[in-house]
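> Provided below are the primary sequence and the corresponding predicted coordinates.
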Amino acid sequence: MIGMAASATLGSLKSTSIRCVEMHTTGEPSRIIWCGFPVPTGTLLQQRDKAKSHLDHIRKRLMFEPRGHDDMYGAILSADTELTESGEAHMGVLFTHNDGFSTMCGHATIAMGRFLVDTHEPTIFPKRKELKYDGKTKTIDLVLHAPCGPLQVTVPTTEDGWRSDPTRPVSFVSVPSFATAIDLSVCIEEKYRWPELGDRKSIAVDLAYGGAFYCVLPAASLGFPDGSKKPNLDKMSFATKQLKAAINDQSEIRYFLRHPEHRGLEYLYGIIVTDAVGFVQEGTEGAGSGLTYFADQAIDRSPTGSGVQARIALSYARKILKVGQSWTYHSLLSNACGGRGAMVGSVSEEVTIPGFENNGYAAVKVKVEGFAYYTGTSSWIVEAEDQVAEAGFTMKNLSTAS
């Protein structure tokens, strides 16, 4: 009976199946899509633009119900980019979530590092044989081409270098990160207010770039003095949504979301609500927590890898951290798990961004370390008759047809 049902299903497919490896980094999912997604041609940023304009229904199919959920996250392999073609990268990636295609993702980079080392199938990873095993450190380095730029990824391996070692953290050094505003006052108009704001008319925030732009502020400043100890996620979600809308509505604030190289990177990706709690990992200067609402108010279960980059850039700008120093970053989940799943961010080096020298921004390369694990594999299909779930759906955006 099962075989007959499967045959009938395969006979009515509307498209080929999309095949994925499922992983998580501190509970945050990474659906690594390695087959069946029609990756566009062109530079990686062009591929991202084309995917946004022509393939958004497939994104929704993979991210939303019934195949995913509103907080799902995906990474689409793209073997042919301008950097893989020139030999400057081994693999390209398009990151995807509940609101489109992002420019950077740290937790998925950590997961993909393991996957790309573990796969030895050339149809999945054509440049796998180019990776070099370092017998002294028992690691393999690879370069992942993200829309924001190249990421230098180091993956710990077993003794023979054949597969990744899940007992040691994957690390990556990303594109230059920089703080663009510290203690910036944001006016909150009446239409953007939230109850916990009280009678305040403005709020102070920090803005920083870590492959994507983040607004960073303490939970108490947002109006939640208990912070991550007793978080009300729904109320925090509403407050951060209102704050994000207020920022996007003010051109004088959006001025600080400028990138020196690509206009396509100039948008506010997420709000990070911070708290000065968390287990301090050995060798780091201290610890803190962050609750990140990104894209369309998705909650990051992990400490947010690109957010760690932005927060390190802020700590460097505030002279809290120097080159070579590290900090432990937690999410709600890693704190609840006794510190397991924390990420460590380090100031790797100070760098100069061409054409951006006189803007007062001190850019740094940031090293981020974390752990990712496999949860399974999947193969997603669409039956020709399925008009409900062809492009996926999310319960929070449903409305009754009139």
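Arrived safely. Numbering: from 1, shown residues only.

> ok, then the element right after the longest helix along the chain?
Across the chain, the longest stretch assigned as helix under DSSP state H is helix 233-248. Reading on from helix 233-248 to the C-terminus, the next helix or strand found by DSSP states H and E is helix 251-254.

> What pairs with the helix or strand following that next one, parallel or antiparallel?
Using DSSP H and E, the helix or strand that follows helix 251-254 in sequence is strand 268-275. Partners of strand 268-275 in the sheet, by DSSP bridges, are strand 213-218 (parallel), strand 287-294 (antiparallel).

> can you give me the mean pLDDT across strand 268-275?
Here strand 268-275 scores 97 as its mean pLDDT.

> for stretch 84-102, same thing?
Taken as a whole, stretch 84-102 has a mean pLDDT of 98.

> measure it end to end?
The first and final residues of stretch 84-102 sit 20 Å from each other (CA to CA, to the nearest Å).

> In JSON lines, list the strands paired with strand 268-275 along with mean neighbour count and distance to residue 206.
The way it works is simple: take the backbone N, C-alpha and C, and place the C-beta from them, glycine included. Written out in JSON lines, the entries for these read as follows (neighbours: other CB atoms under 10 Å; distance: least, CB to CB, whole Å):
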{"stretch": "strand 213-218", "mean neighbour count": "24", "distance to residue 206": "5"}
{"stretch": "strand 287-294", "mean neighbour count": "24", "distance to residue 206": "12"}
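
> got the CA coordinates for the longest helix of the chain in PDB?
Below are the C-alpha coordinates for helix 233-248, written out as PDB (Å, rounded to 0.1, in the frame of the first residue of the first chain):
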ATOM      1  CA  LEU A 233       8.300  37.200  23.900                       C
ATOM      2  CA  ASP A 234       5.000  38.500  22.500                       C
ATOM      3  CA  LYS A 235       5.400  41.900  24.100                       C
ATOM      4  CA  MET A 236       9.100  42.100  23.200                       C
ATOM      5  CA  SER A 237       8.200  41.200  19.600                       C
ATOM      6  CA  PHE A 238       5.600  44.000  19.400                       C
ATOM      7  CA  ALA A 239       8.100  46.500  20.900                       C
ATOM      8  CA  THR A 240      10.900  45.600  18.600                       C
ATOM      9  CA  LYS A 241       8.600  45.600  15.600                       C
ATOM     10  CA  GLN A 242       7.500  49.100  16.500                       C
ATOM     11  CA  LEU A 243      11.000  50.300  17.000                       C
ATOM     12  CA  LYS A 244      12.100  48.800  13.700                       C
ATOM     13  CA  ALA A 245       9.300  50.600  11.900                       C
ATOM     14  CA  ALA A 246      10.200  53.900  13.600                       C
ATOM     15  CA  ILE A 247      13.800  53.600  12.500                       C
ATOM     16  CA  ASN A 248      12.800  52.800   8.900                       C
END
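
> Renumber starting at 232 from here on
In the new count, where the first residue is 232, that last one comes out as helix 464-479.

> any idea of the angle it forms with strand 499-506?
130 degrees (axes from the mean of the first three to the mean of the last three CA atoms, to 10 degrees).

> For the protein, which element, helix or strand, carries the lowest mean pLDDT?
Evaluated with mean pLDDT, DSSP states H and E, the helix-and-strand set of the chain has its lowest mean pLDDT in helix 233-242, which scores a mean of 46.

> Show me how the record splits this protein into domains.
Per the record, the chain has its domains at 233-405, 409-601, by automatic domain parsing.

> returning to that earlier point: show me the one of the strands paired with strand 499-506 that comes nearest residue 273.
Distances from residue 273 to each of the strands paired with strand 499-506 were compared using CB to CB; the shortest belongs to strand 444-449, at 24.0 Å.

> How far off centre is the closest one?
Distance of strand 444-449 from the chain centroid (CA atoms, centre = their mean, to the nearest Å) equals 15 Å.

> Kindly report the same for stretch 604-623.
Centre-to-centre, stretch 604-623 and its host chain are 22 Å apart (CA atoms, centre = their mean).

> Redo the strands paired with strand 499-506 as TSV? Include mean pLDDT and distance to residue 498.
Putting these into TSV (pLDDT from 0 to 100; distance: least, CB to CB, whole Å) gives the following:
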stretch	mean pLDDT	distance to residue 498
strand 444-449	98	7
strand 518-525	97	12
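
> mind putting those in CSV, distance to residue 435 included?
Written out in CSV, the entries for those read as follows (distance: least, CB to CB, whole Å):
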stretch, distance to residue 435
strand 444-449, 7
strand 518-525, 17
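
> out of those, which comes closest to residue 508?
Short answer: strand 518-525, nearest of the strands paired with strand 499-506 by CB to CB, at 5.4 Å.

> So what pairs up with the residue nearest to residue 396 when sequence neighbours are not counted in the strands?
Spatially, and ignoring its direct neighbours in sequence, residue 396 is nearest to residue 387 (4.3 Å; CB to CB, 6 or more residues apart in numbering). Per DSSP bridges, residues listed as beta-bridge partners of residue 387: residue 370.

> Give me the mean pLDDT for stretch 568-582.
Averaging pLDDT along stretch 568-582 yields 96.

> Just the endpoints, please. Distance across it?
Per CA to CA, the first residue of stretch 568-582 is 36 Å away from its last.

> repeat for stretch 359-368
This stretch, stretch 359-368, spans 19 Å end to end (CA to CA).

> ok now it, how far from the chain's centre?
The gap between the average C-alpha position of stretch 359-368 and the chain average comes to 26 Å, counting by CA atoms, centre = their mean.

> so what's the residue nearest to residue 396 up against?
When the contact criterion is CB atoms under 8 Å, 6 or more residues apart in numbering, the partners of residue 387 are 369-370, 395-396, 398-401.

> would TSV of these with distance to residue 572 and pLDDT be doable?
Supplementary listing: the contacts of residue 387 in TSV, determined by distance: CB to CB, whole Å; pLDDT from 0 to 100:
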residue	distance to residue 572	pLDDT
369	23	98
370	21	98
395	17	98
396	17	98
398	14	98
399	14	98
400	11	98
401	13	98
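
> out of these, which one sits closest to residue 450?
Checking the contacts of residue 387 against residue 450 with CB to CB, the nearest one is residue 400 at 27.0 Å.

> Look up the closest residue to the closest one, ignoring the ones flanking it.
On the basis of CB to CB, 6+ apart, the spatially nearest residue to residue 400 that is not a chain neighbour turns out to be residue 600, at 4.2 Å.

> The one you found: what's it in contact with?
Applying CB under 8 Å, 6+ apart, the residues contacting residue 600 are 400-402, 574-577.
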